[in-house]
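Asks: model the structure of this input:
(chains A, B, C and D)
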There are 2 protein chains.
Amino acid sequence: MARRDAKTKPTSRPLDARKATILEAVVTEHIDTAQPVGSSSVAHNADVAVSPATVRSEMVTLEREGYLAQPHTSAGRVPTDKGYRYFVDHLSSGVLTSAQQHQVKDFFASVRGEVEDVLEQTSTLLSQLTSYTAVVVGASHTHATILSVQLVSLDARHQLLVTVFSDGSVAKHSVVTSFDAGSLDVSEASRQLNALLIGTTLEHRVQVPSRQDHVAMLVRESVSVLHAERPVTDGEQVFIGGSSKVAEVFDGVETVRKVLSILEQELLVVSLVQDILDQGLSVAIGSEHGYEPLLSCAVIVAPVTVDGAPAGAVGLLGPTRMKYREALAAAGVVSQHLARHFGGEEESV
Amino acid sequence: MARRDAKTKPTSRPLDARKATILEAVVTEHIDTAQPVGSSSVAHNADVAVSPATVRSEMVTLEREGYLAQPHTSAGRVPTDKGYRYFVDHLSSGVLTSAQQHQVKDFFASVRGEVEDVLEQTSTLLSQLTSYTAVVVGASHTHATILSVQLVSLDARHQLLVTVFSDGSVAKHSVVTSFDAGSLDVSEASRQLNALLIGTTLEHRVQVPSRQDHVAMLVRESVSVLHAERPVTDGEQVFIGGSSKVAEVFDGVETVRKVLSILEQELLVVSLVQDILDQGLSVAIGSEHGYEPLLSCAVIVAPVTVDGAPAGAVGLLGPTRMKYREALAAAGVVSQHLARHFGGEEESV
DNA sequence: TATTGGCACTCAATTCTACCGAGTGCCAAC
DNA sequence: GTTGGCACTCGGTAGAATTGAGTGCCAATA
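Replies: As a prediction, the model looks like this:
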């Protein structure tokens, strides 16, 4: 079964039909038994109409070419990353069970609240659908324009700068002054900031007043604090759902620890997802993503596109022997629903 | 070593000196070996000047009274929750190593940014100090007064309600209307909302206009959305640091899974911490906190008090055989620094 | 009377051995 | 090129034997 549908760049050169079938059988079986697969179980498998001996000799070739590996002499074979890659590249797309479809539909029909809440809950949904750990990344608002800026006084020397962006996100920054700012100063600064910044993006540099009065100083400080957003991968939001799945799905405490500690570092997660997207992949298997502690992991990503613009991504993290077809389907469906949710009805931000 | 200093309500009745010493020796040793402790290693332990045989007979008593348990005949003893409780109740307070003190000081000297960032990073700090999973809970802003309310228009039917509280927190809520709101309507509504809400808390009910015009409807909708904050334990923020420690510190995949899945549910974590604080405890051991999946866990909490008012709490989650003295010290020190950070200098919100 | 050394007993953990069997590689036959 | 046959490998398991840490009990002691 399975062929075509290049959802990931097929880096692997084609394999003759029989080898492909055998490889697929090995991968499939290993995925759901977690055991090395022997020649005979492959031979008995439907679409392979040859004897175990023949399968064995093919396996030798597949092993030599790097698709399979043997844990030790006299054990069956296990797919390598390259083997999984071939499998994934030639995977027919799967569909969700109708129960799952229902779950997704119900979820998106009933979900409400702020974007953050929706994304957060979506990560839980995706994790439940797949029993892998799910990641939902919300796009950075560095490209959104500013709708409103407001300076609110907490006390004489502490102001809060509240910025509303066109994508519905709100940022807050504290502005500390070395002088006591009067409430008139603050509201005047607020007014000037609005005039200055509304309609701009965070990348826009603006001309700030150079005067030395309190209002000008407030304005300068505010603008600089606002534009000081850290360089890359900031402003993105990451939501991780089902981190407990890590403990179910990986074996070996050490692996679990490593994976969890990666998940703790949100910046890392964002760049992982971003890297994979940049490579134009939808799946990164084992060594492909280049994150050493995740060598035994596969990562699935699906971009979320709203009105043609990238609006984030959803991802799944599982063992290399994960259920690719189902997981890809789930990620795909959820990312589409998410896109529709935020795009179709111009959203319920 | 150790006595007095009732930092937790001593539920346990006193034990005669020798029993106490023996119990303490068992607990201490078990904490750092994770093995059942036998009579001879206790006897050889400094402060117990009796023979193994005597220790054994005391142990029988301690076991009968519920302080110790035997995994099986002919194994050493292991402390029960009650045993740990006694130990903790009679624990002399510990201090951090000077390296740790430095780390804490440096951290609070250099940390900056919004409250959320500080709390987040504090959770990581605390986790690093102890190698347990740390929790930092920021107080709910339900009691803070409103400093400013602003309605910002995203499009004709979607407005964003941005509320700034006196504790420096900012909340956002979307307001969806069934009619097209003009920008004049929005700014007028904004003005009225300010007049209505500034200085009130979220618990304050206010009189809203009952007219049927757009402005009044906007105002009504905004107020209702704002006051609709979910009942309890909302508005709190939870930050969890070092969740990967779970995998290091507990054995048994199943335990790890359970603990992680508790940590995923932030509301649960908040109420766990709250429950423990309400009981007036600083440590909840095993069954004491009543969360069944955490039976093999101990939770340490330390309230953070700013200007006499509760401003949150820090917590640590480890196995029942955790290093109480060090962990209590770390939680205490961090909570105090946190309090000072936000209180002393009227903070750098 | 409280403490202690002595001793028989228990039982988890470890080690050893045998062996089973899944799976291989090779080869001669088809 | 494919296949069945066969000898070989080697991880895993199942018992059996052994070890040893630790106990409970008891009689001797101070």
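Asks: state whether residue A:268 and residue A:261 are indeed in contact, as I suppose.
Replies: No - at 9.4 Å, residue A:268 does not count as touching residue A:261 under the criterion of Cβ atoms under 8 Å. Just so you know, the C-beta spots here come from the backbone N, C-alpha and C atoms, and that holds for glycine as well.
Asks: are we agreed that residue A:174 is in a helix?
Replies: No - read with DSSP: H, G, I helix; E, B strand; the rest coil, residue A:174 is strand and lies in no helix.
Asks: which residues are in contact with it?
Replies: Residues near residue A:174 by Cβ atoms under 8 Å, 6 or more residues apart in numbering or on different chains: A:154, A:158, A:159, A:160, A:161, A:225, B:114, B:168, B:348, B:349.
Asks: could you report the pLDDT at residue A:49?
Replies: Looking at residue A:49, its pLDDT reads 86.
Asks: same thing with residue A:12?
Replies: Model confidence at residue A:12 (pLDDT) stands at 56.
Asks: any idea which element residue A:271 lies in?
Replies: According to DSSP states H and E, residue A:271 maps onto helix A:266-278.
Asks: residue numbers of chain A in contact with DNA strand C?
Replies: Residues of chain A found near DNA strand C, taking Cβ under 7 Å from any atom of the strand as the criterion, are A:35-41, A:52-53, A:56, A:59-60, A:63, A:70, A:73-77.
Asks: what residues does the helix holding residue A:271 touch?
Replies: A:135, A:137, A:232-233, A:236, A:238, A:240, A:262-263, A:282, A:284, A:289-291, A:294, A:299, A:301, A:303, A:313, A:315.
Asks: among those residues, which ones lie close to chain B?
Replies: residue A:263 (Cβ under 8 Å from any Cβ of the partner chain).
Asks: buried subset of the contacts of helix A:266-278 as a PyMOL selection?
Replies: This is the PyMOL syntax for the buried subset of the contacts of helix A:266-278, where burial follows 16 or more other Cβ atoms under 10 Å in any protein chain shown:
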select buried, chain A and resi 135+137+233+236+238+240+262+263+282+284+289+291+294+299+301+303+313+315
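Asks: from the contacts of helix A:266-278, which ones fall inside helices?
Replies: The helices, defined by DSSP state H, take in A:262, A:263 from these.
Asks: so which of the contacts of helix A:266-278 belong to strands?
Replies: Within the contacts of helix A:266-278, membership in strands is found for A:135, A:137, A:238, A:240, A:284, A:299, A:301, A:303, A:313, A:315, as judged by DSSP state E.
Asks: please name the nearest non-neighbouring residue to the third one.
Replies: Nearest residue to residue A:238, sequence neighbours excluded (Cβ to Cβ, 6 or more residues apart in numbering or on different chains): residue A:266, at 4.5 Å.
Asks: look up how far residue B:120 lies from that neighbour.
Replies: To residue B:120, residue A:266 is 10 Å away according to Cβ to Cβ, to the nearest Å.
Asks: before we move on, what about residue A:341?
Replies: Distance, residue A:341 to residue B:120, using Cβ to Cβ: 28 Å.
Asks: filter the residues of chain A next to DNA strand C down to the ones near DNA strand D?
Replies: Residues of the residues of chain A next to DNA strand C in contact with DNA strand D (Cβ under 7 Å from any atom of the strand): A:52, A:53, A:73, A:74, A:75.
Asks: need those in CSV with secondary structure, can you?
Replies: Listed next are those as CSV, based on three-state DSSP:
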residue, secondary structure
A:52, helix
A:53, helix
A:73, coil
A:74, coil
A:75, coil
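Asks: quick one: which of those is nearest residue A:25?
Replies: Nearest to residue A:25 among those, counting by Cβ to Cβ, is residue A:52 at 12.1 Å.
Asks: still on that earlier bit, make TSV from the ones in strands among the contacts of helix A:266-278 and add pLDDT to it.
Replies: Converted to TSV, these look like this (pLDDT from 0 to 100):
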residue	pLDDT
A:135	98
A:137	96
A:238	95
A:240	98
A:284	97
A:299	98
A:301	98
A:303	96
A:313	96
A:315	98
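Asks: what's the closest of those residues to residue B:206?
Replies: residue A:238 (36.9 Å).
Asks: that closest one against residue A:134, yeah?
Replies: No - counting by Cβ under 8 Å, residue A:238 stays clear of residue A:134, with 11.0 Å between them.
Asks: neighbours around the closest residue to DNA strand C within the stretch 201-349 of chain A, how many?
Replies: Minimum separation of the stretch 201-349 of chain A from DNA strand C (Cβ to the nearest atom of the strand) falls at residue A:321, amounting to 15.8 Å. Neighbour count for residue A:321, taken as other Cβ atoms under 10 Å in any protein chain shown: 18.
Asks: show only the entries of the contacts of residue A:174 found in helices.
Replies: residue A:225.
Asks: which strand residues bridge the most centrally placed residue in chain A?
Replies: Taking Cα atoms, centre = their mean, the centroid of chain A lies closest to residue A:315, which sits 3.6 Å from it. For residue A:315, the beta-bridge partners are residue A:135, residue A:301 (DSSP bridges).
Asks: doesn't residue A:135 make contact with it?
Replies: Yes - between residue A:315 and residue A:135 a contact is recorded at 4.0 Å, counting by Cβ under 8 Å.
Asks: let me see the domain layout of chain A.
Replies: Here the domain parsing of chain A from automatic domain parsing is A:17-89, A:98-140+A:234-343, A:146-227.
Asks: these: which one's closest to residue B:218?
Replies: Of all the domains of chain A, domain A:146-227 comes closest under Cβ to Cβ, at 15.9 Å.
Asks: what is the end-to-end distance of that closest one?
Replies: 12 Å (Cα to Cα, to the nearest Å).
Asks: by how many degrees do whichever strand or helix holds residue A:147 and strand B:146-155 diverge?
Replies: For residue A:147, the host element (DSSP H and E) is strand A:146-155. Between strand A:146-155 and strand B:146-155, the angle comes out at 180 degrees (axes from the mean of the first three to the mean of the last three Cα atoms, to 10 degrees).
Asks: report the buried residues of stretch A:103-119.
Replies: Going by neighbour count (16+ other Cβ under 10 Å), the buried part of stretch A:103-119 is A:104, A:107, A:108, A:114, A:115, A:118, A:119.
Asks: what's the burial count for the closest residue to DNA strand D within chain A?
Replies: Nearest residue of chain A to DNA strand D: residue A:74, at 2.9 Å (Cβ to the nearest atom of the strand). Per other Cβ under 10 Å, the neighbour tally for residue A:74 reads 7.
Asks: try residue A:214
Replies: For residue A:214, the neighbour count with other Cβ under 10 Å is 18.
Asks: likewise for the one 5 residues further on?
Replies: Using other Cβ under 10 Å, residue A:219 has 27 neighbouring residues.
Asks: where's it, which helix or strand?
Replies: Following DSSP H and E, the helix or strand that holds residue A:219 is helix A:214-227.
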